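Participant: Predicted structure and sequence below. I'll ask about it afterward.
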Amino acid sequence: MKLVLATRNKGKIAEIKKLVSDLSQVELVSLDDFQNLPDIAETGKTFKENALIKAKEIASFTGHWALADDSGLVVDYLQGAPGVYSARFSGEQATDEQNNAKLLALLKDVPWEKRQAKFVCVIAICNPKGQCYTLEGECKGYIALEPKGTYGFGYDPVFFVPAYGKTMAELEPEIKNQISHRAMALKQLKPLLRQMLKRSEGQTYNIH
Ligand SMILES: O=P(O)(O)OP(=O)(O)OP(=O)(O)OC[C@H]1O[C@@H](n2cnc3c(O)ncnc32)[C@H](O)[C@@H]1O
Ligand SMILES: [Mg+2]
């Protein structure tokens with residue numbers, strides 16, 4: 001089965017490829033294999049809505065199953081912000097560094113016990129007819145006092161993982177891939193694929 005990875009984020013692409021590498025039924029294809037792809041507006045109010053928008057549009061455009069990832073950081077002290085706006089937290093063309101700087105500034109002088117946060121990831125997998133499944137994962141932690149580490153991407157340098165006493169960006173990719181929100185969501189992909197392949201024989205799908 002061909003599966004198009006419907007994301008432009010290089011950090012996500014590297015992680016997803018690793019996390020699904022043992023799925024022998026799946027041939028992963030990237031967006032670079034297609035031309036004139038539509039620009040997709042992430043207009044949803046939830047991670048799930050956005051993941052479905054991205055996966056449906058790419059599946060319908062390419063004619064293959066597509067897998068999209070919508071993810072972000074949810075900070076308790078900021079009433080859940082930046083949430084679905086994580087990529088655009090400090091503006092449309094925001095860099096990871098700018099987003100991290102804005103976050104740390106908003107949490108300046110906020111005590112440790114009030115710095116709780118979680119990473120959330122929703123994976124949507126859709127076929128060209130618009131029939132979809134979604135998988136969700138979370139990873140809990142704290143917003144660090146300063147950025148640390150160079151692994152990973154996005155908010156990893158400012159996300160402190162209590163079980164390791166380090167930021168996500170200080171953890172080797174192999175460790176991140178065992179504990180991350182994305183790993184938790186993708187862990188459910190193998191049983192789902194098995195179920196999907198079985199169902200597709202009988203042409204019935206579980207539609208979201
Ligand atoms: O929409 P696509 O093309 O997949 O790529 P994107 O970067 O725009 O991705 P999102 O819309 O899902 O925005 C998620 C943002 O949340 C952050 N994020 C998601 N997963 C992360 C992770 O594992 N570590 C650190 N930051 C992460 C990161 O800054 C992303 O830009
Ligand atoms: Mg995006």
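Facilitator: Thanks, I have the structure now. Predicted model only: the values in this text are computed from it and were never measured. Numbers count the residues shown, from 1 in each chain. Ligands and ions are numbered 1, 2, ... in the order given.
Participant: got the end-to-end distance for stretch 166-176?
Facilitator: Using CA to CA, to the nearest Å, the end-to-end distance of stretch 166-176 comes out at 11 Å.
Participant: Phi and psi next, for the residue in the chain that ligand 1 sits nearest to.
Facilitator: The nearest approach of the chain to ligand 1 comes at Gly154, 2.3 Å away (CB to the nearest ligand atom). Glycine gets a C-beta too; all of them are placed from N, C-alpha and C. Backbone geometry at Gly154, expressed as degrees, to the nearest 10, gives phi 60, psi -130.
Participant: just the one 5 residues further on next, same as before
Facilitator: Phe159 has phi and psi values of phi -110, psi 110 when expressed as degrees, to the nearest 10.
Participant: In this model Ala144 seems to touch it, though I could be wrong.
Facilitator: Yes - counting by CB atoms under 8 Å, Ala144 is a contact partner of Phe159 at 6.9 Å.
Participant: returning to what we had before: the residue of the chain closest to ligand 1 - how many residues pack around it?
Facilitator: Residues lying near Gly154 (other CB atoms under 10 Å) number 21.
Participant: Now do the contacts for it.
Facilitator: 11, 73, 86, 96, 99 (CB atoms under 8 Å, 6 or more residues apart in numbering).
Participant: Mind doing that once more with 10 Å?
Facilitator: 9, 11-12, 71-73, 86-87, 96, 99-100, 119, 168-169 (CB atoms under 10 Å, 6 or more residues apart in numbering).
Participant: I'd like the distance between it and Ala124.
Facilitator: From Gly154 over to Ala124 the distance is 19 Å, taken as CB to CB, to the nearest Å.
Participant: And for Ala101?
Facilitator: Taken as CB to CB, the span from Ala101 to Ala124 is 31 Å.
Participant: Same list, the contacts of Gly154, but as JSON lines with pLDDT please.
Facilitator: Below are the contacts of Gly154 laid out as JSON lines (pLDDT from 0 to 100):
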{"residue": "Asn9", "pLDDT": "97"}
{"residue": "Gly11", "pLDDT": "98"}
{"residue": "Lys12", "pLDDT": "98"}
{"residue": "Ser71", "pLDDT": "98"}
{"residue": "Gly72", "pLDDT": "98"}
{"residue": "Leu73", "pLDDT": "99"}
{"residue": "Ser86", "pLDDT": "98"}
{"residue": "Ala87", "pLDDT": "98"}
{"residue": "Asp96", "pLDDT": "98"}
{"residue": "Asn99", "pLDDT": "98"}
{"residue": "Asn100", "pLDDT": "98"}
{"residue": "Phe119", "pLDDT": "99"}
{"residue": "Met168", "pLDDT": "99"}
{"residue": "Ala169", "pLDDT": "99"}
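Participant: Great, nothing more from me.
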